[in-house]
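# whatever this is, show me its structure:
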Amino acid sequence: MAHDVVVIVGSTRKASINLKIARALAALAPASMALDIVPIGGLPLYNQDLEAAPPPEWVAFKARVKKAAAVLFVTPEYNRSVPAALKNAIDMASRPYGDSAWNGKPAAIVSASPGAISGFGANHHLRQSLVFLNMPTMAQPEAYIGHADKLFDDSGKLINEGTETFFRTFLAAFDKWIAANAA
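Next comes the predicted model:
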């Protein structure tokens, strides 16, 4: 049976480079993994007052994360950190305190940017949160995708063979990581 992997994309733009990367990863995933991109743009802002009666979007998102075997984060970098929508999704699924949907889920991070730094800051900032959330996060291979705007054609298809090869290697390593760290 394939590992059920929730893919959380930090950017909510329709033409997001990171969404293109997530779709490319889903298309390249080995048969032992099923990658499901779960949108986060429609989640309300986290507010502790909502914990008593969480909105349906919150309940559905948290349930989907809980059901998954693992989580793959694909994110850009905003101001040397993760986008607000991603932080919001992380906070929502971790609450109320003591009932985190993230707990124990194996994780991996891909950060991408049109720039040369390739989301390095976001990648490492996100890792800090994942440590607190008790998510064993794959260390190698690291996935920093620079100049990511040059990797796709006008239809969003990945056109860089070297990146495709790297994505396959990354996914194979993540598949082994999930098996080794399954709850």
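
# need the residue closest to the centroid of this structure.
Note on the chain: the residue nearest the mean C-alpha position is residue 73, at 1.4 Å, using Cα atoms, centre = their mean.

# quick one: that one is in a helix?
No. Counting by DSSP: H, G, I helix; E, B strand; the rest coil, residue 73 falls outside a helix, being strand.

# that one pairs with what?
Beta bridges link residue 73 to residue 8, residue 109 when assigned by DSSP bridges.

# residues contacting it?
7, 8, 10, 86, 107, 108, 109, 110, 126 (Cβ atoms under 8 Å, 6 or more residues apart in numbering). For every residue, glycine as well, the C-beta is placed using N, CA and C.

# so which of the residues you listed is the closest to residue 172?
residue 108 (11.5 Å; Cβ to Cβ).

# number of nearby residues for that closest one?
Neighbour count of residue 108, defined by other Cβ atoms under 10 Å: 28.

# in contact with it, which residues?
Shown in contact with residue 108 (Cβ under 8 Å, 6+ apart): 70, 71, 72, 73, 137, 138, 143, 170, 174, 177.

# ok, now which ones touch the closest residue in space to the last one that isn't next to it in sequence?
Just to be clear, that refers to residue 177. In space, and not counting its chain neighbours, residue 177 is closest to residue 138: 4.4 Å by Cβ to Cβ, 6 or more residues apart in numbering. Neighbouring residues of residue 138 by Cβ under 8 Å, 6+ apart: 106, 107, 108, 109, 173, 174, 177.

# try 7 Å this time
108, 173, 174, 177 (Cβ atoms under 7 Å, 6 or more residues apart in numbering).

# helices of this protein, start to end?
Under the criterion DSSP state H, helices of the chain are mapped to 17-28, 56-67, 84-93, 120-132, 161-181.

# got a markdown table for those, with mean pLDDT and mean neighbour count too?
Formatted as a markdown table, the helices of the chain follow (pLDDT from 0 to 100; neighbours: other Cβ atoms under 10 Å):
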| stretch | mean pLDDT | mean neighbour count |
| --- | --- | --- |
| helix 17-28 | 97 | 21 |
| helix 56-67 | 98 | 15 |
| helix 84-93 | 97 | 21 |
| helix 120-132 | 95 | 17 |
| helix 161-181 | 98 | 16 |
